[in-house]
Every structure is written in C-alpha cells, then in structure tokens.
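Asker: give me coordinates for this.
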Amino acid sequence: MKKILTILCLAAALTLSACWGKSDADLQKAADAAVKAKAPAGVTVAVKDGVVTVSGEVADAATKTAVETAAKVDGAKSVDSSKLTVKPTPTPTPAAATSADQKKIEDALKAKGFNDVKVDTTTTPATIRGTVPKGKLAEAVKVAQEAAGKPVKNEVTEK
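Answerer: Got it, this is the predicted structure:
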C-alpha cells in the first residue's frame, strides 16, 4: 500500500509541476533572447499566460519564419505571430525611354511608311501619337513595340 501511495504522490507532483511550467517572465526572457538573435530591431516579444506574441516588421518571409521558430521556446504554450508582418516589396519603376529609344522607334515606324506617327518618350511607357491609314493601326503598334522592346502606349488614330 505504501508503494502505491508513493507512486500516486510522485505522479501528482509531476502533473502539478508540468501544469505550472515556466512563468511568463521566464518565457519572456528566453523568447526575447532567442528572437533578438534572429530578428532586426523593431520586433517585440510579449508573453501572457504562456502564449508568446511576436510583433513588428521583418524584411522577408524567411526572417519571419526564423522569428516564429525562435519564439517557440521551451515551456511556451503557443506562438502568435499574427502581428508580425513582412515589409512589402517596392514596385519597380519602369525605366524611362531615352531619346535614342525615341529615334529607334520613329525610324522603325518611318521604314514601314508610318510618317504621321510621333513618339513621346517623356511618358512611361513611351507613347505613340498621330494617324495611320484605316486597317494599319495594329501594324503600327506592333512595329513600335518591337522597336522599343517593350509595350508602348497607343494614342494613334486611324483615318
């Protein structure tokens, strides 16, 4: 009977110690240290009731994953990374066409007989304006785009 009572007491002690786990302060300290090793300044860690919450902004998805993994310290119930965001990638600005591009496009148009079409490279993309004979609009646009090596804005009309 003593053996059974001893085993039950040990089981109860283990169960209670597992339930209590680490304090939020202990988890905070461990998570802070782990996250700081993986994240830039500006990422913060908060712990409440054993749940580690990371917030802030990181450069890319790989860094976000590294922070989430680092925040999963021993004793934490879970990690909430819903407030951790990835910086949006900047939209590249198309390169403006140059006067050399303008001459190249105009020469290609003139070679095909489109003498009344002008090219404006102050816009992005380059814009073609003027008039072409009926049924020749698609051809003029195609010639301009092939010469430019990229799409052009079409403001040409048919007459």
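
Asker: buried set for the host helix or strand of residue 25?
Answerer: Using DSSP states H and E, residue 25 sits in helix 24-36. Neighbour-count burial for helix 24-36, counted by 16 or more other C-beta atoms under 10 Å, picks out 24, 27, 28, 30, 31, 32, 34, 35. Every residue, glycine included, has its C-beta placed from N, CA and C.

Asker: cool, stretch 152-159 as well?
Answerer: Applying 16+ other C-beta under 10 Å to stretch 152-159 flags 152, 154, 156 as buried.

Asker: same question for stretch 142-151.
Answerer: Under the neighbour-count criterion of 16+ other C-beta under 10 Å, stretch 142-151 has 143, 144, 145, 147, 148 buried.

Asker: so residue 52 sits against residue 45, correct?
Answerer: Yes - at 6.4 Å, residue 52 and residue 45 qualify as touching, with contact defined as C-beta atoms under 8 Å.

Asker: looking at the two, which one has more neighbours?
Answerer: Counting neighbours by other C-beta atoms under 10 Å for residue 52 and for residue 45 shows that residue 52 has the greater number, 28 against 25.

Asker: can you confirm that one is in a strand?
Answerer: Yes - Residue 52 sits within a strand when classified using DSSP: H, G, I helix; E, B strand; the rest coil.

Asker: bridging residues for it?
Answerer: On the basis of DSSP bridges, residue 52 is bridged to residue 47, residue 79.

Asker: got a list of contacts for the host helix or strand of residue 62?
Answerer: Assigned by DSSP H and E, residue 62 falls within helix 61-71. The contact list for helix 61-71 (C-beta atoms under 8 Å, 6 or more residues apart in numbering) reads 31, 34-35, 37-40, 43, 45, 52, 54, 58, 79, 81, 84, 86.
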